[in-house]
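Undergrad: Build me a structure from this.
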Amino acid sequence: MVPLALLLYVSYVVLLLRFGVLSAIAGAFTADILIGMPLLPDPGRWTGSATVVVVPLLILLAARAFRSAVGGMAPFPAGTRTHP
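TA: Model (predicted):
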């Protein structure tokens, strides 16, 4: 268990130093939600209701962050592809 914890802390420090505080906070929030909630493939069970809320929330936040990061521009402009 120690190597996994060490890997998590090292990745958090790299994220903090390379991309800044906001991305480190977002990474900690995402990790906390994914680790803290019981994510089950069967939402019909009483503990599986968190899956219905958490997974779409994280997908929505990732899509919103990506759109904000590219500034509303096309993420893959048509002129950047190389054709053989």
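Undergrad: Going by C-alpha atoms from here, please, whenever you check contacts or count neighbours.
TA: Fine.
Undergrad: chain center to the lengthiest helix in the chain, what's the gap?
TA: Assignment by DSSP state H gives helix 49-69 as the longest helix of the chain. Mean-position distance between helix 49-69 and its chain equals 8 Å (C-alpha atoms, centre = their mean, to the nearest Å).
Undergrad: tell me the contacts of the nearest residue to L15 once chain neighbours are set aside?
TA: Closest residue to L15 apart from its sequence neighbours, by C-alpha to C-alpha, 6 or more residues apart in numbering: A24 at 5.8 Å. Contact analysis of A24 by C-alpha atoms under 8 Å, 6 or more residues apart in numbering lists 12, 15-16.
Undergrad: And R18, how close does it get to R67?
TA: Applying C-alpha to C-alpha, to the nearest Å, the value for R18 to R67 is 20 Å.
Undergrad: Neighbour count: the two, which is higher?
TA: R67 (14 against 11; other C-alpha atoms under 10 Å).
Undergrad: all strands for this structure, in order.
TA: With DSSP state E as the criterion, the chain has no strands.
Undergrad: Show me the shaky parts of it.
TA: Within the chain, the stretches with pLDDT under 70 are 1, 39, 43, 72, 75-76, 78-84.
Undergrad: and the residue lying closest to L40 once chain neighbours are set aside, how many neighbours?
TA: Counting by C-alpha to C-alpha, 6+ apart, L40 lies nearest to G48, which is 5.1 Å off, once chain neighbours are set aside. G48 has 16 neighbours, counted by other C-alpha under 10 Å.
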